[in-house]
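J.: Next come a sequence and a model predicted from it.
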Amino acid sequence: MLPTTTIGTNINNFNRLDALLALRGFACLMVVIPHCSPPRNAIFYKGYDLSWLIFSPGGVGVWIFFSLSGYLMGKAFYTERYTADVPGVLNFWRNRLLRICPLYYFAVLILALFVYTDIFKIENWGYLFRIITFTYNQSLPPTWNGAMWSLSTEVQFYILVPFFYIFLLHRLVSKKKIVITTIVIIFVTFVIKLIFWVSLRHQISEEIKYVIKYSYTPLVTNMDLFLCGFIVNGLLFKHEEIIANSKKIKYLNHISYMKYLAIILLITLYMLTAHHLYHQELWNLPERAGKGIRTFTTFFIWQPITALITSFFIFVFEFDIYQPSIKNETLSFSTILRNPLRVLELFGNISYGVYIWHIPIITKISAIFTSQIPIEAFYMRLIATLFLSTLLASITYFVIEVPCSRWKTYQKIEIVKD
């Protein structure tokens with residue numbers, strides 16, 4: 001990560017935590033926790049039910065991923081890592097495939113052979129085709145790794161990234177236009193979801209498959225997440241002009257305080273959505289098994305709020321390091337010793353593998369880790385899942401992800417972590 005100024009800096013500024021990698025690791029953990037089936041009525045303190053604290057909102061974790069992806073893909077073009085011409089766009093798509101496909105298709109092969117073998121039945125070949133063509137949306141009849149749907153949505157977004165960049169580059173030229181564009185994107189996404197809500201209200205409340213098919217997984221209903229992250233680049237790209245005056249040092253100090261606010265907002269988002277999931281959506285109640293969502297808030301409100309909070313987090317943590325200047329030190333044992341917070345980057349680096357592997361691991365170990373005390377069984381499943389998925393993700397990271405990343409080519413020196 002690259003600072004743009006040396007005002008008030010020292011050597012530690014160039015061994016700083018990659019906040020976006022840490023956020024990606026946090027989002028991954030948010031997804032893993034609910035898949036380990038946290039129990040209701042398991043944690044009480046002075047008569048208060050605090051079980052909602054472990055009901056991590058996995059959907060919010062996925063939404064954070066989407067906003068991060070929107071930002072990073074936009075940054076790749078804004079910093080001229082890729083050019084907005086035919087060779088540049090083709091190279092962008094090629095590098096995206098090299099990032100996603102090797103581990104994805106390896107996982108598909110291993111899971112089809114050893115975990116979800118029914119996918120090879122003739123009647124399921126159509127579903128297998130959708131899995132390998134990134135059109136999987138989790139609502140397919142055969143049992144499969146449900147986490148993989150988001151990769152389909154991501155790849156669909158990658159196809160459109162160059163066109164969004166070309167369209168928005170000369171339109172996001174002022175803060176006013178950026179704000180208006182953000183409002184329009186959120187409003188359009190709201191209208192699309194409103195059409196589904198009005199048309200399928202009963203089905204959405206009664207069957208989870210309708211929520212997945214018409215709200216949770218489609219690219220069109222997640223566009224506010226991707227594009228809010230993407231638009232942050234418009235603000236950052238112009239930030240030198242915003243503070244190009246004598247108040248530059250004071251402005252940077254304000255950004256430092258805003259970082260604490262961004263972290264507080266992120267934690268608050270977790271707590272509010274977890275509480276709502278537990279008390280309003282009544283998650284993990286037997287009578288709610290297979291049911292859809294109950295509240296207007298889940299369908300319409302949490303998603304744009306997540307997009308805005310994540311975009312704010314990205315803005316304040318990338319503000320003074322967006323433009324290329326001095327390269328941040330490569331993550332190593334030495335840099336971690338000098339800045340222990342950078343250990344969080346380790347989980348962020350392997351989060352793709354953890355995300356891919358954790359559900360099949362849970363499928364296989366759930367019958368092993370049981371207890372008469374539900375919260376104990378949950379903790380055992382969670383610890384085992386994190387350990388095994390981290391181990392497997394680390395192996396595939398060094399055996400598949402890192403070697404394949406060496407085949408990528410760029411317009412200029414790499415400055416964006418993806």
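T.: That came in fine, so what should we check first?
J.: Going by C-alpha atoms from here, please, whenever you check contacts or count neighbours.
T.: Fine.
J.: What's the first helix or strand after the helix or strand of the chain with the lowest mean pLDDT?
T.: In the chain, no helix or strand scores lower on mean pLDDT, DSSP states H and E than helix 239-242, which sits at a mean of 58. Taking DSSP states H and E as the definition, the helix or strand that follows helix 239-242 towards the C-terminus is helix 248-279.
J.: tell me what that next one is packed against?
T.: helix 302-318 (3 or more C-alpha pairs under 8 Å, 6 or more residues apart in numbering; DSSP states H and E).
J.: tell me the mean pLDDT for the helix or strand following the helix it packs on?
T.: The helix or strand immediately downstream of helix 302-318 is helix 333-338, counting by DSSP H and E. Taken as a whole, helix 333-338 has an average pLDDT of 88.
J.: May I see the buried residues of helix 333-338?
T.: When burial is assessed from 16 or more other C-alpha atoms under 10 Å, helix 333-338 yields the following buried residues: 335, 336.
J.: cool, stretch 67-87 as well?
T.: Of the residues in stretch 67-87, those buried under the neighbour-count criterion (16+ other C-alpha under 10 Å) are 67-84.
J.: hang on, residue 377 packs against residue 367?
T.: No - Residue 377 is beyond contact range of residue 367, at 10.2 Å (criterion: C-alpha atoms under 8 Å).
J.: If you count surrounding residues, which of these two has more?
T.: A direct count of neighbours by other C-alpha atoms under 10 Å for residue 377 and residue 367 places residue 377 higher, at 19 against 9.
J.: got a list of what that one touches?
T.: Under the criterion of C-alpha atoms under 8 Å, 6 or more residues apart in numbering, the contact list for residue 377 reads 369, 370, 371.
J.: moving C-terminal of the host helix or strand of it, what's the next helix or strand?
T.: Taking DSSP H and E as the definition, one finds residue 377 inside helix 374-396. Towards the C-terminus, the helix or strand next in line after helix 374-396, according to DSSP H and E, is helix 402-405.
J.: Next, the closest residue to residue 374 other than its chain neighbours: secondary structure please.
T.: Residue nearest to residue 374 in three dimensions, not counting chain neighbours: residue 39, with 6.1 Å by C-alpha to C-alpha, 6 or more residues apart in numbering. What DSSP: H, G, I helix; E, B strand; the rest coil gives for residue 39 is coil.
J.: Read off the pLDDT value for residue 39.
T.: Note for residue 39: predicted pLDDT of 96.
J.: ok, now the one 5 residues further on?
T.: As summarised for this prediction, residue 44 has a pLDDT of 95.
J.: burial measure for it, as a count.
T.: The local packing of residue 44 (other C-alpha under 10 Å) involves 10 other residues.
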